[in-house]
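Asks: Here you go, sequence then predicted model.
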Amino acid sequence: MKGQLVDLVTDKYAKLNHLWGLYGFPTTTIDKRNHTMLKHTEELFIDMLSEEEKRVQEKRDEVVGYQKSIEKICKDLGEDIPKLSSTTLIQQCEELFTLEKELREKKEEKMKEWIEMKKQEKSLRDDLGEEITEDIYAFDGIPGKEHIQALKVVLNELSMEKSNRIKEFGRLKSRIQQLLEFLEEMPSSEIEIAMTEVGNMPVLSVAFLEKCKETESVLDGKIKSNCEESEKLREEIEELLRRLKDEPEAVGVTLPKGYKPTALVEIRAEHTRLTLLKMANLDHFIQRVRMDIEQISNDVYKKPLLPEGVDPTEDSLAMHEKILDSLKTYQNEHKKVLELWKKRESVWTQWLEYEAKADDPNRFNNRGGTLLKEEKIRKGLEKSLPKLETEIITLAGTSPAFKVLGEDVKNIITTQWNTFNHEKEEKKLLKKQQTGTNNTMNVTRKRPMTPAATGGGTPAGKRGKMMSVTPAKNPTTPKRVLRSSSSAKDNLPSPTYSEFTSYKQIFQSTMSEPKNLKPAKTTPRGRALALQTPKMEKKKKKRNSIFHTGIRVPLTGNN
């Protein structure tokens, strides 16, 4: 090729010079033309070289680009960069292009799960009206296991949030539709219209749900207002009918149930009618209000001053209704303490009754366990009274306005207990004065006769021995001489409860002695008693007993 190029240039150069000689150009002109031909040839080679150098540089840049891309992909994949087998730029480009394609496909395969998860995230966030934040997923190259796990957690949270918002939206939609239907209204606002559309799922953003809740709250407020108005009007209508029951025109109509707007219209109309009737019968109506004031005053233990001889005017009616409202407010404020005070009054009355029964001697004549039942009830009342009083005083302390007929409850309770204790002490003193102070009882007793068959006799020094009865240790036991004669028994008064207790103790102490013990036979008296017959023993027991006020008291003591 090089020889051909030299031959071509030599041949063409010779032909040009021949032509220039034939033409007759001077030597100087031919030299100039040869210089021009050389210059053109040189420029041609320069241009060709420049163009080719540029093309080579482009290929080199392309190779460098492929190398950088492959290096990054290999770094993401965690692989080493493969070595090139080609030497020319075109071959290197082709080899690098194929290698990059293979590596990209490999990377995309590994990124497939991540890309799918990102699509899900975008869809969920679009439904919830939220934006994607890339900071939490920052990584170089292919995401690692920790990045995939973090994105899965986010997807799970977004799915749960979407599910919760769908449920909340369904609840709000159903609720708002019910409220609109109950209020007999047509949807007017943007939210109300969105809630009544069928098959339309708006973006469930936080702001949208907040607006839905505000709409629900507004509609609930309307229903609550209607309900309160309905209840208030019904109560006032009931009060008006009760106070105007003697008026023929006050016959009430059947009011509609519920508190829908249509029902409220009828209720308001009835209330207006009765109000006009009230104004036409102020005198009678005021008297009814005064009766209500007196009744509530008794219930709350207050006596408000009511003017006498009031004129049947609207101002007078307003004044009485104001007093009645204040009493009702007072009753509601002190409802708990009023209930406790009434309960305490009932318990206090029962307590006094059972305390009075405890001092009644005739209660021991009851049978069927009545005494035990009464004592059990009395102890229960005794335990419940302090608890009630403590709770009442505590509540009255937190409610300073509560008083019973103008007096502090604590003073009333203290006064009642002081009076009760004082009366109890007076009863004890009076009973002690009536029973006397003599607690000893003496009785003369004869010795039993010794049977003649024994041949023995009782020592003369012991025949007239006096027997002393040991009384019970009770300072209120009267000192009386007990005799076995019927006349003494008939002339003595009936025993008191204290005397009965003393005699009962003596009887129990006597009965507790051993019954089967017999006197020793070593003494004359013992031998005589050992020979006694059952009939003689019976007579002896009869002689050793006395009757006093219907109670048989065996004698005890040493012979």
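Replies: The structure has been received and is ready for your questions.
Asks: any idea of the mean pLDDT for stretch 123-137?
Replies: The average pLDDT within stretch 123-137 is 78.
Asks: again but with stretch 324-334, I slipped
Replies: Stretch 324-334 comes out at a mean pLDDT of 84.
Asks: Report the distance from it to the chain centre.
Replies: 27 Å (Cα atoms, centre = their mean, to the nearest Å).
Asks: Please list the residues outside that stretch that contact it.
Replies: Stretch 324-334 has contacts (Cβ atoms under 8 Å, 6 or more residues apart in numbering) with 289, 292-293, 296-297, 299-300, 302, 304, 338, 395, 399, 401-402. Any C-beta I mention is one placed from the backbone N, CA and C, and that applies to glycine too.
Asks: now stretch 146-162
Replies: By Cβ under 8 Å, 6+ apart, stretch 146-162 touches 113-114, 117-118, 120-121, 124-125, 127-128, 136-137, 139, 143, 204.
Asks: which of the contacts of stretch 324-334 are buried?
Replies: Buried subset of these (neighbour count, 16 or more other Cβ atoms under 10 Å): 289, 292-293, 296-297, 300, 302, 338, 395, 402.
Asks: for the contacts of stretch 146-162, which one is nearest residue 197?
Replies: Using Cβ to Cβ, residue 204 comes nearest to residue 197 of the contacts of stretch 146-162, at 14.5 Å.
Asks: contacting residues for the residue nearest to that closest one when sequence neighbours are not counted?
Replies: In space, not counting the residues next to it along the chain, residue 204 is nearest to residue 165; the distance is 4.2 Å by Cβ to Cβ, 6 or more residues apart in numbering. Residue 165 is in contact with 128, 204, 209, counting by Cβ under 8 Å, 6+ apart.
Asks: Just to check, the second one is in contact with residue 127?
Replies: Yes. Using Cβ atoms under 8 Å, residue 204 and residue 127 qualify as a contacting pair, with a distance of 6.4 Å.
Asks: Residue 63 against residue 90, yeah?
Replies: No. Here residue 63 lies out of contact with residue 90, judged by Cβ under 8 Å, at a distance of 9.6 Å.
Asks: Which one's more surrounded, the two?
Replies: residue 63 (20 against 11; other Cβ atoms under 10 Å).
Asks: circling back: could you identify which of the contacts of stretch 146-162 has the most neighbours?
Replies: residue 143 leads the contacts of stretch 146-162 on contacts (other Cβ under 10 Å) with 21 neighbours.
Asks: ok so it is a helix residue?
Replies: No. With DSSP: H, G, I helix; E, B strand; the rest coil as the criterion, residue 143 is located in coil rather than a helix.
Asks: What pLDDT is listed against the residue lying closest to it once chain neighbours are set aside?
Replies: Among residues not flanking residue 143 along the chain, residue 114 sits closest, at 5.0 Å (Cβ to Cβ, 6+ apart). For residue 114, the pLDDT comes out at 84.
Asks: And residue 213, by the same measure?
Replies: 92.
Asks: wait, it sits on residue 173?
Replies: No. The pair residue 213 / residue 173 is not scored as a contact, 11.9 Å apart, by Cβ under 8 Å.
Asks: neighbours of residue 334, just the number please.
Replies: Residue 334 has 20 nearby residues by other Cβ under 10 Å.
Asks: how much space is there between it and residue 96?
Replies: 96 Å (Cβ to Cβ, to the nearest Å).
Asks: With residue 175 instead?
Replies: On the measure of Cβ to Cβ, residue 175 and residue 96 end up 66 Å apart.
Asks: Compare neighbour counts for the two and give me the winner.
Replies: residue 96 (21 against 17).
Asks: Same question for that one, what's its three-state structure.
Replies: Assignment for residue 96 (three-state DSSP): helix.
Asks: thinking it is in contact with residue 59, fair?
Replies: No. Look at residue 96 against residue 59 with Cβ under 8 Å: they stay out of range, at 10.9 Å.
Asks: pLDDT weak spots in this protein?
Replies: Applying pLDDT under 70 to the chain picks out residues 133-141, 246, 250, 252, 309-310, 359-369, 399-400, 436-559.
Asks: any chance you could map the strands in it?
Replies: 441-443, 467-469, 545-548, 551-554 (DSSP state E).
Asks: How far does the top helix by length along the chain sit from its chain's centre?
Replies: Ranked by residue count, the top helix of the chain under DSSP state H comes out as helix 27-77. The chain centre lies 91 Å from the centre of helix 27-77; the measure is Cα atoms, centre = their mean.
Asks: packing partners for that helix?
Replies: Secondary-structure packing of helix 27-77 (3 or more Cβ pairs under 8 Å, 6 or more residues apart in numbering; DSSP states H and E): helix 2-23, helix 89-128.
Asks: okay if I get those as a markdown table plus distance to residue 422?
Replies: A markdown table is the format used below for the helices and strands packed on helix 27-77 (distance: least, Cβ to Cβ, whole Å):
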| stretch | distance to residue 422 |
| --- | --- |
| helix 2-23 | 152 |
| helix 89-128 | 80 |
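Asks: Pick the most deeply packed of the ones you listed.
Replies: Of all the helices and strands packed on helix 27-77, helix 89-128 carries the top mean neighbour count, a mean of 15, counting by mean count of other Cβ atoms under 10 Å.
Asks: Now do the buried residues in stretch 256-264.
Replies: Those buried within stretch 256-264 under the rule 16+ other Cβ under 10 Å are 259-260, 264.
Asks: Nice, that's everything, thank you.
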